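# Here's a sequence, model it:
(chains A and B)
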Amino acid sequence: MWIEWTIATRFLREGKAQSTLILVGIAVGVAVIVFLTALITGLQGNIVNRTLGTQAHIKVMPTEEANRILPPAAGSVQLVLENKRAQRLRSINNWQQVRDVLDTLPQVRAVSPVISGPAFARRGEALESVALVGIDAARYQRIIPIQDDVIAGVFRIGAGDAVIGKQLASDLGLRVGDKLRLDGGQGRDSVVNVAGIFELGVRELDARYVYLDMKQAQSLLNLPGAATLIDVTVDDIFSAQVVAARIARLTGLKAESWMETNGQLMNALRSQSLSTQMISLFVALSVALGIASVLSVSVVQRTREIGILRAMGTTRPQMLRVFLVQGALFGLAGSLLGGVSGYGLVGAFNTFGPKLFYIPVDPWLLVAASLLATVTGILSAAVPARRAARLDPVEAIRHV
Amino acid sequence: MSEHDAGQEVLRLQGLKKRYNVGKPTEVEVLHGLDLRLQRQDFAALVGASGSGKSTLLNLIGLLDQPTAGELFLLGEPTSAMDDARRTALRGSAIGFVFQFHHLIQAFTALENVLMPLMVAGGKPTREQVERARGLLAEVGLAGLEQRKPDQLSGGQQQRVAVARALVSRPALLLADEPTGNLDSTSAAEVFQLFRSFNREFGCAVLLVTHDPRLSAQCDRTVTLVDGRIASDTRASSPAG
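Numbering: from 1, shown residues only, chains lettered A, B, ... in the order given. Now for the predicted structure:
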């Protein structure tokens, strides 16, 4: 390879103007791809993080109740007029065992049983509908780090303590230490002490969530010992769908991933990714065509030198490699240049941009871009390189 | 190449034919069956009018082109059945070329141009090879100009670099196509003397295509080509033949 490398680099250095122009062209293309990819990845990561900051990746619930219809007697036809059943609040059967099984699954990072149901919060004349969320605090905080969002008081539940959202607190005029009456319906109510106030930043949650310990919620909702929901987080958020399907098969329960719950969001993210990929593809294509055309011109310009080299004993495969190396070098050097400029753009965006979100800098993107550009360079050089290798030395030497 | 004896046969042509545009209405036979032998100490001129087939013959002998019929033996090996890789390898090791126009590679220095046949065959040159190339450049009178690029040398100097390049792999056969056609008479005489001395020193057979009767007169042997046939093959009175 030494001689191919030497000839290739000499050829490139000799045609400095040409090499520089195409190098800048490649660099611009790679910079666009790197910046765009980093921008979209950053944006999507940001959106996903915000969305998942307040919800579990997978929710495991009891299957829906369906009407059971007696099979018809032999020889008779049964016409059924069916009303869908109302879905009452139910516990997951043997949720402790399900929780333990989920704990052992690979890819699952945290499992948290929850009992959740509707209630009224009352203070004096004021009445608000709320969602009671009975949790095992230690487990729940591994899914949603709620203690980080406490803006007043402390996150303490159990023994008559509750933690409520900022919006609810202001609607009912509550401060830390105040009393609040919770009404679960059918005469079950209790008075709790507001131990802390949180702000998740999602208005709906801040206005409705009341965190209790599981026992308290169970008695208010009249479901002793129950858990209505198991929240699960996974290592790779985009594998949630697959893990959810596995959980559903394993437990016979209904398991819903965040991707299903946020179908619109997923759709938007996918469309965004698709358009980024399309832009990248076409930029890469035009870079490849640029390399191919520069090398084609170079083969014509160097026809006579190629003929001499062939007469000196250069083989066809060697000649082929001389031009493939040039393509690879274009790709590699251009992508390094473009990668650095792309990161410069990312840095500029993070420093001087609208600061709506931060674009993380992933060094692997640079490695991947360089690798891809090098392969693209080799592929684009294939056609001109074959032409060079196939030149008839007799005609090539006569070429003026 | 010291294993070759002085009297050894370097080249043999047997009924060599070359036809162009085979199968088309424009088909034309340029060489009509040539027989020729070249010994190791031969210093021969190939002369003929334009269109007599000199260049075609030179390309065939140089393994740059393939004959339509007949056989060409180089160092005793039949070459017509060889694939491109073997022909290229044999060409690189056994044949040195000097063209009418110097044909150096602009991107390389004089020294690197001389080393080129060795580098394409064996990669990075060894110290011994570099020394050999320097020695050759000194012999052609270019000591001190090793690091110049071709465009920093005069036409005569460039042609002398090309001569050094043709000899660096110690070929058994040196082919020269109008090597002095582009040079003034002083440079031409110098280049011719180089061929002479290398023929004596290394025992490398020389086949020189030329139009110049003064040049062919100085060769030991003159092969005249007329319309694709060898019209005459005369030896000068020297005892070398």
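
# List of residues touching the host helix or strand of A:Ala207?
Taking DSSP states H and E as the criterion, A:Ala207 maps to helix A:203-208. Applying CB atoms under 8 Å, 6 or more residues apart in numbering or on different chains, the external contacts of helix A:203-208 come out as A:54, A:128-131, A:165-168, A:171, A:198-200. C-betas here are computed from N, CA, C, even on glycine.

# try 6 Å
Applying CB atoms under 6 Å, 6 or more residues apart in numbering or on different chains, the external contacts of helix A:203-208 come out as A:54, A:130-131, A:165-168, A:199-200.

# Go ahead and build a ChimeraX selection from the buried members of those.
In ChimeraX, this line selects whichever of the contacts of helix A:203-208 come out buried by 16 or more other CB atoms under 10 Å in any protein chain shown:
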select /A:54,130,131,165,166,167,168,200
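
# Kindly report the residues of chain B close to chain A.
Chain B has residues B:59, B:64-65, B:84-85, B:88, B:91-92, B:97, B:103, B:105, B:107, B:116-117, B:119-121, B:123-124 near chain A, with proximity defined as CB under 6 Å from any CB of the partner chain.

# next one: phi and psi at the residue nearest to B:Met116 when sequence neighbours are not counted?
Counting by CB to CB, 6 or more residues apart in numbering or on different chains, B:Met116 lies nearest to A:Met312, which is 5.2 Å off, once chain neighbours are set aside. Phi and psi for A:Met312, reported as degrees, to the nearest 10, are phi -80, psi 0.

# and the most centrally placed residue in chain B, helix, strand or coil?
Centroid check for chain B by CA atoms, centre = their mean gives B:Leu175 as the closest residue, at 1.1 Å. With DSSP: H, G, I helix; E, B strand; the rest coil as the basis, B:Leu175 sits in strand.

# ok, it - contacts?
Applying CB under 6 Å, 6+ apart, we find B:Leu175 in contact with B:58, B:62, B:97, B:207.

# can you check A:Ser341 too?
Taking CB under 6 Å, 6+ apart as the test, what A:Ser341 contacts is A:Ala31.

# Pull the number of nearby residues for A:Val243.
A:Val243 is flanked by 23 other residues according to other CB atoms under 10 Å in any protein chain shown.

# That one falls within a strand, correct?
No - going by three-state DSSP, the assignment for A:Val243 is helix, not a strand.

# So it sits against A:Thr233, correct?
No - A:Val243 lies out of contact with A:Thr233 (CB atoms under 6 Å); the separation is 9.9 Å.

# quick one, helices of chain B?
Taking DSSP state H as the criterion, chain B carries its helices at B:54-61, B:84-94, B:110-122, B:127-139, B:155-167, B:185-202, B:213-217.

# Tell me which of these sits nearest to A:Ala373.
helix B:110-122 (28.8 Å; CB to CB).

# Can you name the residue of chain A nearest to chain B?
A:Gly313 (2.0 Å; CB to the nearest CB).

# what secondary structure does that residue sit in?
Applying three-state DSSP: A:Gly313 is coil.

# dump the residue contacts of the residue nearest to it when sequence neighbours are not counted.
Leaving aside its sequence neighbours, A:Gly313 sits nearest to B:Gly92 (CB to CB, 6+ apart; 2.0 Å). Contacts for B:Gly92 (CB under 6 Å, 6+ apart) come out as A:313, B:117, B:121.

# out of the residues you listed, who has the most neighbours?
B:Pro117 (26 neighbours).

# still on that earlier bit, so among the residues of chain B next to chain A, which ones count as buried?
B:59, B:64-65, B:88, B:91-92, B:97, B:103, B:105, B:107, B:116-117, B:119-121.

# Widest-spaced pair of those?
It's B:Asp65 and B:Ala107 that sit farthest apart of those, by CB to CB, at 26.6 Å.

# ok, what's across the strand from the closest residue to B:Arg221 other than its chain neighbours?
With CB to CB, 6+ apart as the criterion, B:Arg221 has its nearest non-adjacent residue at 4.1 Å, and that residue is B:Ala44. Beta-bridge pairing of B:Ala44 under DSSP bridges involves B:Leu207, B:Arg221.

# try the one 4 residues further on
Listed beta-bridge partners, B:Gly48: B:Leu225 (assigned using DSSP bridges).

# separation between it and B:Val30?
The spacing between B:Gly48 and B:Val30, counted by CB to CB, to the nearest Å, is 12 Å.

# Comparing the two, which shows the higher neighbour count?
Neighbours per residue, other CB under 10 Å: of B:Gly48 and B:Val30, the larger number sits with B:Gly48, 22 against 18.

# Hmm, that one is touching B:Lys54, no?
Yes - between B:Gly48 and B:Lys54 a contact is recorded at 4.9 Å, counting by CB under 6 Å.

# who touches both of these two?
Common neighbours of B:Gly48 and B:Lys54 (CB under 6 Å, 6+ apart) are B:Leu225.

# where does chain B dip in pLDDT?
B:1-7, B:102, B:237-241 (pLDDT under 70).

# In it, which residue sits nearest chain A?
B:Gly92 (2.0 Å).

# and the host helix or strand of A:Val340, which residues are buried?
Here A:Val340, judged by DSSP H and E, is contained in helix A:316-352. By 16+ other CB under 10 Å, the buried positions in helix A:316-352 come out as A:316, A:318-339, A:341-343, A:345-346, A:349-350.
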